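Participant: need a 3D model of the sequence below.
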Amino acid sequence: MINDAPLNRFTLAERVVHWVVGVTFVLLVLSGLALSYPSLFWMAGPLGGGPATRVLHPWIGLVFEAALALMFFLWLKQMYFTRADLEWIRAIKHYARHDREKIPPSGKYNGGQKGLFWTQAVLAVVFLVTGLPLWLPEPFGAGFLNLIRLLHFLAALAGGLLLTLHIYLGTVANPGTARAMLTGTVTRDWAELHHPMWNAEQVDD
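Facilitator: Residues are numbered from 1 along each chain as shown. Model prediction:
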């Protein structure tokens, strides 16, 4: 008899941390845009207006950084690249075309997901290093702050693009993926299609 019971993919702790990171980052992007562009100042409304948004933005940033640090250590052991991951990355054009037959099998996380993990880690450091001087600018000169502001903006832009891609891949491009972060489980058909090596490990267990 075929076991069609769902597979546990994420723990409750992993899901909560993931959603805290996602929600706080969206709030940071919206509040950052509101504070940076007068035409988008209306975005400050949900956070209580301009003064409240200026106060809340860095504090939300600290929550984001803390949650991202926790997520980093929760998943670190599973995010080291293997030979299979490098083969997957070399075949990424086939992944983009949904040419499943030419995509090397992956474990619990494929090379793209691991790449996203490490990119997020780097961006988190950039956000922190550039955000603190903008929050407490008194000791710094105008030229330095302008450079820091540019780096902060570029990091936010990169993070926003990655978030958009992440949401697209987890919903429209790969139906059934979002379930993992909602319920913590995935179907065996999904696991066999997207992460066959990991699926085989679960069957063996």
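Participant: can you give me the helices for the protein?
Facilitator: Along the chain, the segments classed as helices by DSSP state H run 12-36, 50-75, 83-90, 92-96, 111-135, 142-170, 179-182, 188-194, 196-204.
Participant: ok, the residue lying closest to residue 110 once chain neighbours are set aside - contacts?
Facilitator: For residue 110, ignoring the flanking residues on the chain, the nearest one in space by Cβ to Cβ, 6 or more residues apart in numbering is residue 88 at 5.1 Å. (C-beta placed from N, C-alpha, C; glycine too.) By Cβ atoms under 8 Å, 6 or more residues apart in numbering, residue 88 lies in contact with 95, 103-104, 106, 110-112.
Participant: could you identify the most distant pair in these?
Facilitator: Spanning the widest gap among the contacts of residue 88 are 104 and 112, at 11.8 Å by Cβ to Cβ.
Participant: residue 133 is in contact with residue 149, correct?
Facilitator: No - counting by Cβ atoms under 8 Å, residue 149 does not reach residue 133; the two are 9.0 Å apart.
Participant: what about residue 169, how many neighbours?
Facilitator: With neighbours defined by other Cβ atoms under 10 Å, the count for residue 169 comes to 15.
Participant: actually residue 35, sorry about that
Facilitator: Neighbour count of residue 35, defined by other Cβ under 10 Å: 16.
Participant: then residue 18?
Facilitator: Neighbours of residue 18 under the rule other Cβ under 10 Å: 18.
Participant: for residue 53, same thing?
Facilitator: 22.
Participant: residues contacting it?
Facilitator: Per Cβ under 8 Å, 6+ apart, neighbours of residue 53: 31, 34-35, 44, 47.
Participant: the same query, at a cut-off of 6 Å, please.
Facilitator: When contacts are counted by Cβ atoms under 6 Å, 6 or more residues apart in numbering, residue 53 touches 31, 34, 44, 47.
Participant: ok, these vs residue 202, which is closest?
Facilitator: The closest of the contacts of residue 53 to residue 202 turns out to be residue 31 (Cβ to Cβ; 40.9 Å).
Participant: residue 181 versus the closest one, what's the distance?
Facilitator: 24 Å (Cβ to Cβ, to the nearest Å).
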